[in-house]
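>>> Sequence first, then the predicted structure, then my questions.
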Amino acid sequence: MTRTKVHTTKKLEKLIKKLISTDQNTECGILGNWNATVFYVDRKKCWLITNALTKYNIVLTDIKSSNLNNIEQIFKDALFGQLIYDGVVTDFESLNSIIGGLDFLPTNNDRSTTAFQNHNLESLDWWKYEFGNLENMPIKDLTNRLNTSPIHIGQGMKRSDYTNSIDEIKKIIMI
């Protein structure tokens with residue numbers, strides 16, 4: 001069965017100790033690694049999860065410790081909902097087979113993805129003030145704004161090396 005690796009920041013790792021696995025020998029699915037960090041809106045825990053390969057983001061809101069038993073389903077539902085919102089049409093069953101199960105692992109020190117997430121957290125901070133509380137924040141719309149921001153993938157500085165996360169994830173999922 002396919003497994004998806006989700007590397008957590010040290011801050012998130014402390015909050016979900018019981019989910020952290022140390023077995024890093026599992027094979028990655030076609031989407032590769034994901035990185036997850038925690039941030040707060042109105043003292044509610046939210047997770048920003050970013051795909052290292054495509055820089056595609058999803059946001060999980062108001063995650064409580066009682067939700068951790070169902071975190072795989074919460075992740076898949078949020079990813080599916082965001083993909084639909086972003087116009088990446090796929091069916092839940094094929095997405096479910098691409099993701100498989102989740103393995104939460106300690107940080108992999110992926111500085112590129114961490115820097116990318118920190119930049120996105122600054123944007124989310126800005127929007128917190130614009131919308132006030134979590135209930136007023138259009139999370140799928142805000143995540144779509146993150147996913148449509150220009151990103152650089154590749155080695156050179158050609159215009160063709162710039163893209164956005166939605167186009168990148170479409171290349172993988174729409175095969």
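In hand now; what should we look at?
>>> List the beta-bridge partners for residue 101.
Each beta-bridge partner of residue 101 is listed here: residue 3, as defined by DSSP bridges.
>>> Just give me how far the longest helix seen in the chain sits from the chain centre.
Taking residue count as the measure and DSSP state H as the definition, the longest helix of the chain comes out as helix 111-131. Shown here is helix 111-131, whose average C-alpha point lies 13 Å from the average C-alpha point of the whole chain (Cα atoms, centre = their mean, to the nearest Å).
>>> Can I get it in CSV? Just the C-alpha atoms.
Once non-C-alpha atoms are left out, helix 111-131 reads as follows in CSV (Å, rounded to 0.1, in the frame of the first residue of the first chain):
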residue,chain,number,x,y,z
ARG,A,111,15.1,24.5,4.2
SER,A,112,13.5,25.4,0.8
THR,A,113,10.1,24.2,1.8
THR,A,114,10.4,25.6,5.3
ALA,A,115,11.3,29.0,3.9
PHE,A,116,8.4,28.7,1.5
GLN,A,117,6.0,27.9,4.4
ASN,A,118,7.3,30.8,6.5
HIS,A,119,6.6,33.2,3.6
ASN,A,120,3.0,31.7,3.3
LEU,A,121,2.5,32.0,7.1
GLU,A,122,3.3,35.7,6.8
SER,A,123,0.6,36.0,4.2
LEU,A,124,-1.8,34.1,6.4
ASP,A,125,-0.9,36.4,9.3
TRP,A,126,-1.7,39.4,7.1
TRP,A,127,-5.1,37.9,6.2
LYS,A,128,-5.9,37.2,9.9
TYR,A,129,-6.0,40.9,10.5
GLU,A,130,-8.1,41.5,7.3
PHE,A,131,-10.8,38.9,8.2
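>>> Done for today, thanks.
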